[in-house]
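1. below are the sequence and a predicted model; questions follow.
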Amino acid sequence: MSEQTPLDYASAGVDTAAGDRAVELMKSAVSRTHDSTVLSATGGFAGMVDASALLGMRRPLLATSTDGVGTKIAIAQALGVHDTIGQDLVGMVVDDIVVVGARPVLMTDYIACGKVIPERIAAIVTGIARACEAVGCPLVGGETAEHPGLMAPEDYDIAGAATGVVDADLVLGPQRVRAGDVLVAMASSGLHSNGYSLVRRVVELSGADLGHEVEAFGRTLGEELLEPTRLYTKVCLDLVEALGVGEDGLHALSHVTGGGLGANLARVLPVGLGARVERGSWVVPAVFDWVRRSGRISWEALEDSLNLGVGMVAVVGADAAEEALATVRGAGIDAWVLGDVDEGDHGLSRAETDIRTVSGTKGVQGGSVELHGTYLTA
C-alpha cells in the first residue's frame, strides 16, 4: 500500500484561514450598516436586532423576502468587477419588502464559491454593505461557503434575505387601489438584475465585445450591463410619509423585476380593475434598444423580460399625483405619469396592434394591465 499524505480540511479544498481573512477585510464595511438597534458583532453565530420599537406599533407585521442576482454575476466575473453586484442583491430583496410599505430592519447574505479568494469575497460583501447603508438596513449576518469539487475555483453565487416591519393599518396593496388612481413611474438605472439570460445570449450571438465602447452608452458595453440596480426603499418610504396611506394618498407599489412592467403591475391591482399604461410616456433607455436590435427581439418579448426603463411604480390617488412626482424627483430619480387605473375589462383581446393586455401573472389572479401605443427610443 502506497503511503498517503495525511488529509485535512485545507487539502480537501476548504481554506478556513482565507475565510477568516475575508471577514477581516469586510468587517469595517459591514459595521457601517449597524445602528443602535444592532446588538451582535460581526462573526457571531446569529445577528440580533433590538425590536423594542415594535412595541409602539398597534399591530406590527413582519415582511420578509429572499432573492439572488441571477446570471448578471457572469458579467461581473467576466469583467473582474465584484464590488457592484452586492447592490443588485440588496435592490432585489429590500425593494420587494418596501412594496407592502415595510421598513427594512435587517438583512443577511449568503455566498457560495468554489474557492475563497478573500479580496473578492470582501469586495462582494462591501458592495452589499454599501447598499444596505444607503437604504438604512443593518447587515447583521452572512455566510461564505466554499464548495470545492462542486463549483469551479472562480465561480460564485450570492443570495440574501431581509426582514421588515409595517403596521397593519398601513399595509399597501391591491385592497387600497381604486378606479381613477394615477400610476407614477420611477426610472430604472438600466437593466437592473433581470433578464440577463436573454441579454447574455444576445451578447453571445451578436459577437459583441464587453470591452467595446458604445457611443449610445457613453461607456463600454460591459460597464453598461454591470450598472447596479437602483435602490428605491428610501424614496418609497418618503412617499409614505409625504402622501400618507389612505384614500387620497399612496395605495400600492410595484417593483418591476422579472416578467417586466405589465406582469408586475398586474400583481398589485384588484380583480375587476385594470391599468392603462402609455408606452409613449417615456423614452426607453438606449441599452434596451441595443438588446432589441442586436438580438432581433420583438418589443412584446422585450417587455415580458426587461423593465424597459421603469423600475418602480407608485399607485396613488389622483389628487396626490403631483406631490408624488415632486417627492420622487426630489430624491434625484426621474418620474412621470405612466397611466391610470380604470374599471374597464382589460381581459378582452383587442384588434388594435398597439394594445396588449397582461393579466394573471406570477400566480396572482388580480387585475389586468393594458399597454397602449408604441415605445419611444432615443
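-> That came through fine.
2. do a quick rundown of the strands in the stretch 1-150 of the chain.
-> For the stretch 1-150 of the chain, the strands defined by DSSP state E, counting those that start in this stretch occupy 60-68, 103-113, 139-146.
3. low-scoring pLDDT stretches of this protein, where are they?
-> Applying pLDDT under 70 to the chain flags the ranges 1-5, 7-23, 25-30, 33, 40-44, 344-353, 360-362.
4. separation between the spatially most central residue of it and S298?
-> What sits nearest the mean C-alpha location of the chain, by C-alpha atoms, centre = their mean, is M92, with 2.7 Å. Separation of M92 from S298 (C-beta to C-beta, to the nearest Å): 26 Å. To be clear about C-beta, it is placed using only N, CA and C from the backbone, and glycine gets the same treatment.
5. now the terminal residues of stretch 244-252, how far apart.
-> 12 Å (C-alpha to C-alpha, to the nearest Å).
6. what's in contact with it?
-> Under the criterion C-beta atoms under 8 Å, 6 or more residues apart in numbering, residues 99, 101, 169-170, 172-174, 176-178, 181, 239-240, 243, 268-269, 314-317, 319-320, 324 lie in contact with stretch 244-252.
7. among those, which are located in helices?
-> Taking DSSP state H, the ones among the contacts of stretch 244-252 that sit in helices are 239-240, 243, 324.
8. got these as CSV, with distance to D354 columns?
-> As requested, the ones in helices among the contacts of stretch 244-252 are exported to CSV (distance: C-beta to C-beta, whole Å):
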residue, distance to D354
L239, 31
V240, 35
L243, 32
A324, 27
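9. go through these and name the one nearest A145.
-> A145 lies nearest to V240 out of the ones in helices among the contacts of stretch 244-252, by C-beta to C-beta, at 37.0 Å.
10. report how many residues lie close to that closest one.
-> 19 (other C-beta atoms under 10 Å).
11. what's the distance between it and R176?
-> In terms of C-beta to C-beta, V240 sits 12 Å off from R176.
12. and if you look at T71?
-> From T71 to R176 the distance is 35 Å (C-beta to C-beta).
13. neighbour count: those two, which is higher?
-> A side-by-side neighbour count of T71 and R176, using other C-beta under 10 Å, places R176 first with 20 against 16.
14. now do that one against D289, distance only.
-> 35 Å.
15. quick one, phi/psi of G180?
-> Per-residue torsions, G180: phi 100, psi -10 (degrees, to the nearest 10).
16. list the contacts of it.
-> So G180 contacts 317-318, 340-342 (C-beta under 8 Å, 6+ apart).
17. please redo it, this time with the cut-off set to 6 Å
-> By C-beta atoms under 6 Å, 6 or more residues apart in numbering, G180 lies in contact with A318.
18. with T37 instead?
-> Counting by C-beta under 6 Å, 6+ apart, T37 has contacts 49-50.
19. now it: how far from V49?
-> From T37 to V49 the distance is 5 Å (C-beta to C-beta).
20. how far off centre is the longest helix anywhere in the chain?
-> Secondary structure of the chain per DSSP H: the longest helix is helix 118-135. Taking C-alpha atoms, centre = their mean, to the nearest Å, one finds the center of helix 118-135 at 16 Å from the center of the full chain.
21. got the angle for it vs strand 103-113?
-> 170 degrees (axes from the mean of the first three to the mean of the last three C-alpha atoms, to 10 degrees).
22. output helix 118-135 as PDB, restricted to C-alpha atoms.
-> These are the backbone C-alpha positions of helix 118-135, laid out as PDB (Å, rounded to 0.1, in the frame of the first residue of the first chain):
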ATOM      1  CA  PRO A 118     -10.500  36.900   0.400                       C
ATOM      2  CA  GLU A 119     -10.300  40.100  -1.600                       C
ATOM      3  CA  ARG A 120     -13.100  39.000  -4.000                       C
ATOM      4  CA  ILE A 121     -15.400  37.900  -1.100                       C
ATOM      5  CA  ALA A 122     -14.700  41.200   0.700                       C
ATOM      6  CA  ALA A 123     -15.500  43.200  -2.500                       C
ATOM      7  CA  ILE A 124     -18.800  41.400  -2.900                       C
ATOM      8  CA  VAL A 125     -19.800  42.000   0.800                       C
ATOM      9  CA  THR A 126     -18.600  45.500   0.700                       C
ATOM     10  CA  GLY A 127     -21.000  46.200  -2.200                       C
ATOM     11  CA  ILE A 128     -23.800  44.600  -0.200                       C
ATOM     12  CA  ALA A 129     -22.900  46.700   2.900                       C
ATOM     13  CA  ARG A 130     -22.700  50.000   1.000                       C
ATOM     14  CA  ALA A 131     -26.200  49.400  -0.400                       C
ATOM     15  CA  CYS A 132     -27.600  48.400   3.000                       C
ATOM     16  CA  GLU A 133     -26.100  51.600   4.400                       C
ATOM     17  CA  ALA A 134     -27.700  53.600   1.600                       C
ATOM     18  CA  VAL A 135     -31.200  52.200   2.400                       C
END
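23. understood, closing this out.
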